[in-house]
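Enquirer: the following block contains a protein sequence and its predicted model.
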Amino acid sequence: ANLHKIKVGMSAKEVIKILGKPTDIQMSDGPYYWCYSTNSFDSFLYPAESGLRPSYMLLEMGSPNGHVSKIFEFHD
């Protein structure tokens, strides 16, 4: 359920308060990408048979301590 609480415009502090620290942080020509492994996400929201469970989520951040500018979910 916490995944759905993340919205564009949220601050880095707000994201960390909800999801914790990212699994990985990457930088690509300016924006920072915070990566979260979703293996531990609630199986009730993403039952295996639905095929909807993302394998990981990226948040594009304007700077290391900036705000969420884009949200990406990646599926296997």
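Expert: Ah, there it is. Quick caveat: nothing in here was measured; it's all calculated off a predicted structure.
Enquirer: A helix includes Lys13, no?
Expert: Yes: assignment of Lys13 by DSSP: H, G, I helix; E, B strand; the rest coil places it within a helix.
Enquirer: per-residue pLDDT, it?
Expert: Lys13 is assigned a predicted lDDT (pLDDT) of 94.
Enquirer: neighbours of it, just the number please.
Expert: Neighbours of Lys13 under the rule other CB atoms under 10 Å: 10. From N, CA and C alone the C-beta is placed, and that goes for glycine too.
Enquirer: where do the strands of this protein begin and end?
Expert: 24-27, 32-37, 56-61, 68-74 (DSSP state E).
Enquirer: any stretches of the protein with poor pLDDT?
Expert: Regions of the chain meeting the criterion pLDDT under 70 cover residues 1, 38-55, 75-76.
Enquirer: cutoff 90 now
Expert: For the chain, the stretches with pLDDT under 90 are 1-5, 18-31, 35-58, 62-66, 72-76.
Enquirer: quick revisit: just the strands of the chain: most buried one?
Expert: strand 56-61 (a mean of 20; mean count of other CB atoms under 10 Å).
Enquirer: what's the angle between it and strand 32-37?
Expert: Note on geometry: by axes from the mean of the first three to the mean of the last three CA atoms, to 10 degrees, strand 56-61 and strand 32-37 are set 160 degrees apart in direction.
Enquirer: quick check: Asn2 touching Leu19?
Expert: Yes: counting by CB atoms under 8 Å, Asn2 does reach Leu19; the two are 5.8 Å apart.
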